[in-house]
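Enquirer: pasting a predicted model and its sequence here:
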Amino acid sequence: MTTGYVGRFAPSLTGPLHFGSLLAALASYLDARANNGRWLLRLDDLDVPRSVPGAEREILNALEHHALEWDGPVVRQSERTDRYRAAFSRLVDAGELFLCSCSRRSLRGLTVYPGTCRSRIIHSVSNADAATGLAAVRIRVPATRYAFVDEVFGVQGESLDAHTGDFIVRRRDGLFAYQLAVVVDDAAAHVSHVVRGADLLDNTPRQLYLMDQLGLDPPGYAHIPVITDRTGAKLSKQTFARAITPRDAAMNLYLALELLGQEPEPELLHAAPRVLLAWARAHWALNQVPATSRFSDFVSI
Ligand code: GLU
């Protein structure tokens, strides 16, 4: 029987899967399956300039080797621009979008956008289109605290004006920003639970604000701790963390379950991925996932 639970894994195509993204994939998969839910796969390939050729094939291949089977067709953000445009147009109508031509250099070192271009409100989508290549589009944020209860990290939230300030929804090169795309896609797929890496924890209030503006219901959230390497640096594709090898799928899954606090039985150490996942689905306990970023000896760059 399926329930209303819909989860998803949404890797960017900036490189092959590394251990940190396997953790996020595994946690979201297990949470969905343990709740008799669907688990979708979306490729976040909007950022064409940063997409790495061959990454898609490598990611799908790695998921298959780890027996992480998704439901339905693979969704690609690059094929969904019309949807983002429709949402963008709605935001234009709400009157909070403005053109920003501040250079990267002028904003360097600032964590909060200083509001320089705030008065350049956009009145139509064509207004924004005409500025492609010249200006990014930001959304004005209110002095409202956007809070949520994360199933791993507990109560989270921040006032956007103090934390990020007005943020970009369409880049200067005309590409829609991740913040907008993720909100539109999750809502369109009826995603009920977002389980993803804790590196995105502080993006969530911005996404909640966009949902508010677009009249969308927020999903539940669980953020998975980020695994660090020996030096304490976050493992990410950008730091060239070692790609996981599909050949070691069983061992990778076992280690990932340990890091997720699931205490897999030692007899499972050499079990096939499918066997490990069957055990993990039956024993999945989200409340055992530690809310700390963990040093890991297993993974080294
Ligand atoms: N594509 C994003 C990433 O790989 C994740 C998006 C999300 O889970 O919201 O960092």
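Expert: Received, thanks. Residues are numbered from 1 along each chain as shown.

Enquirer: and stretch 143-163, what's its mean pLDDT?
Expert: Mean per-residue pLDDT for stretch 143-163: 95.

Enquirer: which parts of the protein sit against the ligand?
Expert: Within the chain, the residues that sit near the ligand (CB under 6 Å from any ligand atom) are 10-12, 44, 182, 196, 200. The C-beta positions use only the backbone N, C-alpha and C, and glycine is treated the same way.

Enquirer: wait, Pro273 sits on Glu69?
Expert: No - between Pro273 and Glu69 there is no contact under CB atoms under 8 Å: 10.5 Å.

Enquirer: sketch out the low-pLDDT regions of the stretch 201-301 of the chain for me.
Expert: 229-242, 293-301 (pLDDT under 70).

Enquirer: where do the strands sit along it?
Expert: In the stretch 201-301 of the chain, the strands defined using DSSP state E, counting those that start in this stretch lie at 220-224, 227-228, 294-295.

Enquirer: helices along the protein, start to end?
Expert: Assigned by DSSP state H, the chain shows helices spanning 19-34, 55-65, 81-94, 104-107, 125-129, 160-163, 178-188, 204-214, 249-259, 273-283.

Enquirer: which ones are touching the closest residue to Arg145 other than its chain neighbours?
Expert: Nearest residue to Arg145, sequence neighbours excluded (CB to CB, 6 or more residues apart in numbering): Ser159, at 4.7 Å. The contact partners of Ser159, by CB atoms under 8 Å, 6 or more residues apart in numbering, come to 143-146.

Enquirer: which one among the residues you listed gets closest to the ligand?
Expert: Tyr146 (15.8 Å; CB to the nearest ligand atom).

Enquirer: smallest gap between the stretch 151-300 of the chain and the ligand, at which residue?
Expert: Counting by CB to the nearest ligand atom, the stretch 151-300 of the chain gets nearest to the ligand through Arg196 (3.6 Å).

Enquirer: distance of the residue nearest to that residue when sequence neighbours are not counted from Ile227?
Expert: Using CB to CB, 6+ apart and skipping residues adjacent in sequence, the residue nearest Arg196 is Ala24, 5.2 Å away. Applying CB to CB, to the nearest Å, the value for Ala24 to Ile227 is 10 Å.

Enquirer: what distance do you get for the residue nearest to Arg145 to Val194?
Expert: 22 Å.

Enquirer: just Arg281 next, same as before
Expert: As for Arg281, its distance to Val194 is 19 Å (criterion: CB to CB).

Enquirer: do His223 as well
Expert: 9 Å.

Enquirer: now do Arg42
Expert: 11 Å.

Enquirer: common neighbours of these two, please.
Expert: Arg8.

Enquirer: what residues are up against the residue of the stretch 151-300 of the chain closest to the ligand?
Expert: 10, 24, 28, 223-224.

Enquirer: make a PyMOL selection of the buried ones in those.
Expert: Buried residues within the contacts of Arg196, by 16 or more other CB atoms under 10 Å, are selected in PyMOL with:
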select buried, resi 10+24+28+223+224
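
Enquirer: just give me the closest of the contacts of Arg196 to Gly215.
Expert: Nearest to Gly215 among those, counting by CB to CB, is Ala10 at 22.1 Å.

Enquirer: so that closest one touches Val182, yeah?
Expert: Yes - if you go by CB under 8 Å, Ala10 and Val182 touch, sitting 7.2 Å apart.

Enquirer: joint contacts of those two?
Expert: The contact lists of Ala10 and Val182 share Asp44, where a contact means CB under 8 Å, 6+ apart.

Enquirer: hang on, the earlier thing: winner for burial among the helices of the chain?
Expert: Using mean count of other CB atoms under 10 Å, the stretch among these with the largest mean neighbour count is helix 19-34, at a mean of 25.
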